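In: Structure for the following, please:
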Amino acid sequence: MKLQETIKQNKPFKSEFQKLMVNISVTSSWLNAILAERLKPFGISPHQFNVLRILNGKHPDGYCNQEITERMIDKSSNATRIVDKLIEKKFAVRTENAGDRRLVDIKITDKGIKLLAEIEKAPFPAQLKRNAFNDEKAKLMNEWLDELRS
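Out: Numbering: from 1, shown residues only. Model prediction:
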């Protein structure tokens, strides 16, 4: 669906760049809704999923809350609250930092690793037509988005 149909806008944008900024925001929101729907059967939120993926990337070691926040997609999220929920669900644990006993590391558990594997196998909701992008198109889009942020 075209952007202007999606946001029900009749007037043209002032520039293609302005349209691009709105289009990226709308698409991001749309993708987040799809991700939330995909994660619902597993009982975790997109923010919790993001933190689990961050922790899995450092497994078997862990990160302190500040390091998790630095790596999160949505840096305004409350990492401590998200981690608390993951610990409550036994997907993560707090451990003493080996290098500095004043710090606490958060590590993913085996249960958290298994959950990520299950999520990876789960089908995407119908709204996301993964066939619309082949690897070549996806690579090009990634390059453009990286360029936009640099």
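
In: going forward, measure contacts between C-alpha atoms and count neighbours the same way
Out: Will do.

In: Helix, strand or coil: sort out Arg94 for me.
Out: Of the three states, Arg94 takes strand under DSSP: H, G, I helix; E, B strand; the rest coil.

In: gap between it and Gly112?
Out: If you measure Arg94 against Gly112 using C-alpha to C-alpha, to the nearest Å, the figure is 13 Å.

In: Please say which of these two ends up with more neighbours.
Out: Taking other C-alpha atoms under 10 Å, Arg94 and Gly112 do not tie; Gly112 has more neighbours (23 against 16).

In: Provide a list of residues in contact with the closest residue in space to that one that isn't next to it in sequence.
Out: In space, and not counting its chain neighbours, Gly112 is closest to Phe91: 4.1 Å by C-alpha to C-alpha, 6 or more residues apart in numbering. In this structure, Phe91 makes contact with Leu52, Ile108, Thr109, Asp110, Lys111, Gly112, Ile113, judged by C-alpha atoms under 8 Å, 6 or more residues apart in numbering.

In: avg pLDDT for the host helix or strand of Glu147?
Out: In this structure, Glu147 sits in helix 135-149 according to DSSP states H and E. Averaging pLDDT along helix 135-149 gives 90.

In: Alright, calling it a day.
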